[in-house]
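Colleague: can't give you the sequence, but here's the structure:
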């Protein structure tokens, strides 16, 4: 096997719960609570219904629970269905690096494999930390990735699933290879007018990672040099070799500690503009707006600058990636929540009136400070001659402006309570905050049945 596969498989097999200090364990619980809340919030979505319908048609001798139901499917399809629900609202966490993405998309892999293996809470916590290490450390080394983020999450999902299964180093290496080689996702998923697949692509990677771990556990072998070999991952797209840094443990921090929670159900780059627009809603009369100018860093303004679809979104998936749309909603409504993305709201002509007064531009100094700061400035000129300017470097959820535990609980309830009762929310939260002491995840699944 090549050096990357050797390194990843060795680390995956050697990591233990005892390597995690209490601060890491606490943060993992925060992350899982945030992720489960997003999943329950996405339960009633059309992609969620489609995924559950397909998963419900499959029976397995290794059954895994479908979130929100009393039904079981195969591990890979349960992982897919649960992953679709996690991702739908675009409110689960983000990680910023040259590659970046949403590493909590992999948590359904640990849960799906953990169910038939009766994994305890400590195993789920360890597998989650492992998945984040793999995803984040690889994405750290791939600037401007030519692939969609699923290339990172499929590897992390396979390692998480293999960890739950107790794979040895050889089987883990094959799981990693079988995750990489057949599953190269295209970034077109997130270009132009976005389809339902935007919220399903990483769930598909989770499904593939689970399948790869199962194949490897039965003795299936994969190509021996999936990363560094001729026509391997690095050679086929990067034309260079990637070296991984030392992973978390000992004196190295675990990468899960660097994730960012979202406050609003939309793309991470929209978080600062939304917060500023809501601030402006309190100060101005929407009918008095003459012009709106937005300055931000390159990564935030790029899609609005280059893709006309972001100025006239037709789908929920495009709208939650559109700074112009979300600023218009924030200015008009003073709130952005899941109801901001109904078909009726997206097509509202009054929002187009606001959009037509808006411009957006890259600020080079903001770009230079990213990703340490998520700078954004909005200036509004009014017909009555006044100017309003608001600016932030750290939107709510940023590590320098984080959600505290009570706010994590509040977010869980905001997203989940339209689907399950407040009593169910409280029960689930009580269990999840005590995750390290749970013998299985069954009680959590039971508490979340819609």
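Modeller: Structure received. These numbers were taken from a predicted model, which means no experiment stands behind them.

Colleague: And residue 276, how close does it get to residue 177?
Modeller: 46 Å (Cβ to Cβ, to the nearest Å). Just so you know, the C-beta spots here come from the backbone N, C-alpha and C atoms, and that holds for glycine as well.

Colleague: the more surrounded of the two?
Modeller: More crowded of residue 276 and residue 177, by other Cβ atoms under 10 Å: residue 177, with 29 against 24.

Colleague: Packing partners of the helix or strand containing that one?
Modeller: In this structure, residue 177 sits in helix 169-180 according to DSSP states H and E. Packed against helix 169-180, as judged by 3 or more Cβ pairs under 8 Å, 6 or more residues apart in numbering; DSSP states H and E, are the following elements: helix 3-14, helix 150-165, helix 201-217.

Colleague: Any idea which of those gets closest to residue 445?
Modeller: Nearest to residue 445, of all the helices and strands packed on helix 169-180, is helix 150-165, at 15.5 Å by Cβ to Cβ.

Colleague: Just want the angle from the closest one to helix 169-180.
Modeller: When axes from the mean of the first three to the mean of the last three Cα atoms, to 10 degrees is applied, the directions of helix 150-165 and helix 169-180 differ by 150 degrees.

Colleague: circling back to that earlier point, now render the helices and strands packed on helix 169-180 as JSON lines, adding mean pLDDT and distance to residue 114.
Modeller: Shown next, in JSON lines, are these (pLDDT from 0 to 100; distance: least, Cβ to Cβ, whole Å):
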{"stretch": "helix 3-14", "mean pLDDT": "97", "distance to residue 114": "15"}
{"stretch": "helix 150-165", "mean pLDDT": "97", "distance to residue 114": "5"}
{"stretch": "helix 201-217", "mean pLDDT": "98", "distance to residue 114": "11"}
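
Colleague: Tell me which of those helices sits most buried.
Modeller: Comparing the helices and strands packed on helix 169-180 on average neighbours per residue, with mean count of other Cβ atoms under 10 Å, the densest one is helix 150-165 at a mean of 31.

Colleague: That helix versus helix 3-14: what angle between them?
Modeller: 40 degrees.

Colleague: any weak-confidence spans in the stretch 1-150 of the chain?
Modeller: Scanning the stretch 1-150 of the chain for pLDDT under 70 picks out the ranges 98-99, 143.

Colleague: And the residue nearest to residue 443 when sequence neighbours are not counted, which helix or strand is it part of?
Modeller: Among residues not flanking residue 443 along the chain, residue 431 sits closest, at 5.4 Å (Cβ to Cβ, 6 or more residues apart in numbering). Element membership of residue 431, judged by DSSP H and E, is helix 422-433.

Colleague: Tell me which stretches of the stretch 251-400 of the chain form helices.
Modeller: If DSSP state H, counting those that start in this stretch is used as the criterion, the helices of the stretch 251-400 of the chain fall at 271-281, 298-306, 316-319, 323-333, 343-346, 349-355, 364-369.

Colleague: closest one to residue 139 among these?
Modeller: With Cβ to Cβ as the yardstick, what comes closest out of the helices of the stretch 251-400 of the chain is helix 298-306 (14.1 Å).

Colleague: now the angle between helix 271-281 and the closest one, please.
Modeller: Using the same axes, to 10 degrees: helix 298-306 against helix 271-281 is 70 degrees.

Colleague: what comes up buried for helix 298-306?
Modeller: Residues of helix 298-306 classed as buried: 299, 300, 301, 303, 304 (neighbour count, 16 or more other Cβ atoms under 10 Å).

Colleague: Reformat the helices and strands packed on helix 169-180 into a markdown table and put distance to residue 64 next to each item.
Modeller: Shown next, in a markdown table, are the helices and strands packed on helix 169-180 (distance: least, Cβ to Cβ, whole Å):
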| stretch | distance to residue 64 |
| --- | --- |
| helix 3-14 | 21 |
| helix 150-165 | 11 |
| helix 201-217 | 9 |
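
Colleague: one step back: which single one of the buried residues of helix 298-306 is nearest to residue 195?
Modeller: For those, the nearest to residue 195 is residue 303 (15.1 Å; Cβ to Cβ).

Colleague: nearest residue to that closest one other than its sequence neighbours?
Modeller: residue 310 (5.5 Å).

Colleague: separation between the one you found and residue 157?
Modeller: From residue 310 to residue 157 the distance is 30 Å (Cβ to Cβ).

Colleague: Kindly report the same for residue 408.
Modeller: 24 Å.

Colleague: what does residue 133 give?
Modeller: 13 Å.

Colleague: okay, now the domains of the chain?
Modeller: Following automatic domain parsing, one finds the domains of the chain at 3-261+414-447, 268-392.

Colleague: Tell me which of these sits most buried.
Modeller: Across these, averaging neighbours per residue (mean count of other Cβ under 10 Å) puts domain 3-261+414-447 on top, at a mean of 21.

Colleague: Show me how far it is from its chain's centre.
Modeller: Averaging C-alpha positions (Cα atoms, centre = their mean, to the nearest Å) puts domain 3-261+414-447 10 Å from its chain's average.

Colleague: what do you get for stretch 395-404?
Modeller: 16 Å.

Colleague: which of the residues in that stretch are buried?
Modeller: 395, 396, 397, 398, 403.

Colleague: For the fourth one, give me its contacts.
Modeller: Yep, that's residue 398 we're talking about. By Cβ atoms under 8 Å, 6 or more residues apart in numbering, residue 398 lies in contact with 260, 271, 374.

Colleague: And for the first one?
Modeller: For residue 395, the residues meeting the contact criterion (Cβ under 8 Å, 6+ apart) are 263, 271, 272, 274, 275, 374, 376, 401.

Colleague: Format those as a markdown table; extra columns: distance to residue 107.
Modeller: Conversion of those to a markdown table gives the following (distance: Cβ to Cβ, whole Å):
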| residue | distance to residue 107 |
| --- | --- |
| 263 | 20 |
| 271 | 21 |
| 272 | 26 |
| 274 | 25 |
| 275 | 26 |
| 374 | 24 |
| 376 | 29 |
| 401 | 24 |
